[in-house]
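S.K.: I'll drop the sequence and a predicted model, then ask my questions.
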Amino acid sequence: MIQFPKPTVEQFFRTYAITNFAVSKDEKRLVFSSNLNGKMNLWAMDLPDRYPYLFAHHDQSCSFIKFDTENRFVLAGFDNDGDENHHIYAIPSDGGLPQALITGEVNEKYFFSHLSDDGERIYYMTSEENPSFLNARVRNLKDGSDKLLNTGKVSPTELAAVSDNEDVFVYLRASANTYVTGVVKKNGEEHSLTPDPKKVHVTFDPVFVDDTTIYFVTDYESEYSYVAKFDLNTKQFSSELMIDQESVQSLKYNKKQNVLYLVTEDGVSDRLYRYDLSNGELESLTLPVDVVSQIQVTQSGSLYVLGISTTVPHNIYHSEGGEKWESLTNNTVLGVSSEDMVEPDVVSYKSFDGMEIEALLFKAKPENDNGHTIFWPHGGPQAAERKIFRSMFQCFINRGYSVFAPNFRGSTGYGSSFVKLVEQDWGEGPRLDCVAGIEWLFANNLVERDKLFLVGGSYGGYMTLLLHGRHSEYFKACVDIFGPSDLFTFVNSVPPHWKPIMDRWLGDPERDKERFIKDSPVTYLEGMSKPMLVIQGAKDPRVVKKESDQIVAKLQENGREVEYLVLEDEGHGFSKKENEINVYARMLDFLAKYQDKEQYV
């Protein structure tokens, strides 16, 4: 019989990204952003036909897609090779080349907020003239006039909702990831959506159900986010709906049915609910995925979901009522079935102070197991490792590696107090949670002490550097993917609209000088004794190239074994398919070199 070899690296990475989508009002066309041809472009399907065709060619990442209600045009936002300076473009109704619509200097940002029902006015945010706090403006497409609506002050400000008659606006003001207040503004008067905006809480996803009633999500005086309501007539706030031990993450309104659709975060997976505003009934619906990335509710009542599961990449699904789902896309791993991949065990362990830490453990199948485990601290840090498909994980597991991914303190999905624990403590509590996770692996005989690798990206890259410097005895080799190496330089190099939130998130380099020194990986160069691969996008606006340049240079000066891969046309991630394949092939080759070597001293 014909014998086929083990799946190649390229097979696992021949899945495709689907980052966002939109459905036309008549539900006859679906447009989505994907790298089907190797680079990010817009693709379309004329429903019910599911054959995708190129809709708009631009070779850049897309931040949003919006149909004009009359199908005269489509709006989209594109950046330049991952620099995250998105500008707003218009595309002909039947597709074509994007035409710059709201744009300016290359380093300026233009974020879409709202398109009026008649398609004549675009509301947007811009860094132009206010890079730290952002301004809200409205562009009239009929006469070309452009009007300033709001000037952001003190904290970055987002225009998050516009009433149907366009005279009431909801703005969100971010002082940190965990401190976002909301205000409703009408005729120059502002009212806080929550009773006390000085209390630390978040507010997001506001929706108008009429011109004076706003529903939104908040964790005001609560561990878990819930649905609240603000009545502009009475200026009253009220808690509308809480779901025990689950945090509402997304809120959509169907005006015709007068119902809200809620996506909630329940640990490592999501749930979907329908909430009837007429009678207060809450109904749990099925989901075709473990984690929802985006949901759209049409006025007909149809649901469209972009989601992902552990062994199934991003796909778009449709349902008439939230019970039976059909997949509109068929994004799979080339030649590898879900059964051939690995679902994680959801485990927990006690950290250094007794705190319970949840983690995902992917065990290599016995016939492939090479005895080695990859320790993966996730990015964020105020994010979480969830039941999502990662080409890297499944490819490495197929090569015999197990993967352990802890949701250390600061991770989302475990209550607002837990999320805040990483604020002004990037390098102590989370680091010790990771160390406790490593010791738990050893104590439970899940990995031998000389067979552990360390890999992380973004904040996970920072933690990789820090763990390497302070606990190198645990690891055979380490891979840092665009991780901050020096908190002093990092805090001053982030995008301008990040800087107002850095004090609460990370701290002040002068006030917290001693902690910055203690928590900076560069402080522990002497401890970084193991082989290292460093990967960096040259156009990364979040963790700039200098962060990787400086740690690599210092390690090389000290005669350490370090490889450095710079991607000239990428930012904070890998948007180009060939780059992604090359990066992970390089990582596999790097780890394989040290698989059977003795533990380095």
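M.R.: On my side now, so go ahead.
S.K.: average pLDDT for stretch 170-181?
M.R.: Average pLDDT, stretch 170-181: 95.
S.K.: just the helices in the protein please.
M.R.: Under the criterion DSSP state H, helices of the chain are mapped to 9-12, 391-398, 416-420, 429-443, 459-470, 487-493, 502-505, 513-519, 545-557, 577-593.
S.K.: which of those has the lowest mean pLDDT?
M.R.: Among the helices of the chain, helix 9-12 scores lowest, at a mean of 78.
S.K.: buried sites along that one?
M.R.: By neighbour count, with 16 or more other C-beta atoms under 10 Å as the criterion, the buried positions of helix 9-12 are Val9, Gln11, Phe12. No exception for glycine: its C-beta is placed from N, CA and C like everyone else's.
S.K.: which elements pack onto that helix?
M.R.: helix 391-398, helix 577-593 (3 or more C-beta pairs under 8 Å, 6 or more residues apart in numbering; DSSP states H and E).
S.K.: okay, the angle between the longest one and helix 391-398?
M.R.: In other words, helix 577-593. Computed with axes from the mean of the first three to the mean of the last three C-alpha atoms, to 10 degrees, the direction of helix 577-593 lies at 40 degrees from that of helix 391-398.
S.K.: what does helix 577-593 contact?
M.R.: 9-10, 12-14, 16, 35, 38-39, 372, 374, 391-392, 395-396, 399, 401, 453, 455, 477, 479, 531, 533, 535, 563, 565, 567, 569-570, 574 (C-beta atoms under 8 Å, 6 or more residues apart in numbering).
S.K.: nearest to His86, of the helices and strands packed on helix 9-12?
M.R.: helix 577-593 (20.0 Å; C-beta to C-beta).
S.K.: for this structure, what are the low-confidence residue spans?
M.R.: 596-601 (pLDDT under 70).
S.K.: the helices and strands packed on helix 9-12 into TSV, with extra columns for distance to Pro197 and mean neighbour count?
M.R.: Shown next, in TSV, are the helices and strands packed on helix 9-12 (distance: least, C-beta to C-beta, whole Å; neighbours: other C-beta atoms under 10 Å):
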stretch	distance to Pro197	mean neighbour count
helix 391-398	41	24
helix 577-593	42	18
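S.K.: so where do the strands sit in the stretch 151-300 of the chain?
M.R.: All strands of the stretch 151-300 of the chain, identified by DSSP state E, counting those that start in this stretch, fall at 157-162, 168-176, 179-186, 189-192, 203-210, 213-218, 226-231, 236-241, 247-254, 259-266, 269-276, 282-285, 291-297.
S.K.: could you redo those as JSON lines and give each row mean neighbour count and distance to Glu557?
M.R.: JSON lines is the format used below for the strands of the stretch 151-300 of the chain (neighbours: other C-beta atoms under 10 Å; distance: least, C-beta to C-beta, whole Å):
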{"stretch": "strand 157-162", "mean neighbour count": "22", "distance to Glu557": "43"}
{"stretch": "strand 168-176", "mean neighbour count": "21", "distance to Glu557": "36"}
{"stretch": "strand 179-186", "mean neighbour count": "21", "distance to Glu557": "40"}
{"stretch": "strand 189-192", "mean neighbour count": "12", "distance to Glu557": "53"}
{"stretch": "strand 203-210", "mean neighbour count": "19", "distance to Glu557": "45"}
{"stretch": "strand 213-218", "mean neighbour count": "22", "distance to Glu557": "49"}
{"stretch": "strand 226-231", "mean neighbour count": "20", "distance to Glu557": "53"}
{"stretch": "strand 236-241", "mean neighbour count": "14", "distance to Glu557": "57"}
{"stretch": "strand 247-254", "mean neighbour count": "20", "distance to Glu557": "45"}
{"stretch": "strand 259-266", "mean neighbour count": "22", "distance to Glu557": "44"}
{"stretch": "strand 269-276", "mean neighbour count": "20", "distance to Glu557": "46"}
{"stretch": "strand 282-285", "mean neighbour count": "14", "distance to Glu557": "58"}
{"stretch": "strand 291-297", "mean neighbour count": "20", "distance to Glu557": "42"}
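S.K.: let's have the helices of the chain in CSV, adding distance to Lys142.
M.R.: What follows is those, written out as CSV (distance: least, C-beta to C-beta, whole Å):
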stretch, distance to Lys142
helix 9-12, 50
helix 391-398, 46
helix 416-420, 45
helix 429-443, 52
helix 459-470, 45
helix 487-493, 42
helix 502-505, 41
helix 513-519, 52
helix 545-557, 43
helix 577-593, 40
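S.K.: of those helices, which is nearest Ser222?
M.R.: Among these, helix 416-420 sits nearest to Ser222 (C-beta to C-beta), with 7.2 Å.
S.K.: ok, and what's touching the closest one?
M.R.: For helix 416-420, the external contacting residues (C-beta under 8 Å, 6+ apart) are 177-178, 200-202, 219, 222-225, 382, 409-412.
S.K.: buried only: go through the residues you listed for me.
M.R.: Buried among those (16+ other C-beta under 10 Å): 177-178, 200-202, 219, 224-225, 382, 409-412.
S.K.: can you add distance to Leu421 and give those back as a markdown table?
M.R.: Below are those laid out as a markdown table (distance: C-beta to C-beta, whole Å):
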| residue | distance to Leu421 |
| --- | --- |
| Asn177 | 13 |
| Thr178 | 10 |
| Val200 | 13 |
| His201 | 16 |
| Val202 | 16 |
| Asp219 | 15 |
| Tyr224 | 16 |
| Ser225 | 17 |
| Gln382 | 10 |
| Arg409 | 4 |
| Gly410 | 6 |
| Ser411 | 9 |
| Thr412 | 12 |
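S.K.: which of those residues lies closest to Asp340?
M.R.: Nearest to Asp340 among the buried ones among the contacts of helix 416-420, with distances taken as C-beta to C-beta, is Ser411, at 29.2 Å.
S.K.: wait, doesn't the closest one sit right on Arg386?
M.R.: No: the pair Ser411 / Arg386 is not scored as a contact, 9.6 Å apart, by C-beta atoms under 8 Å.
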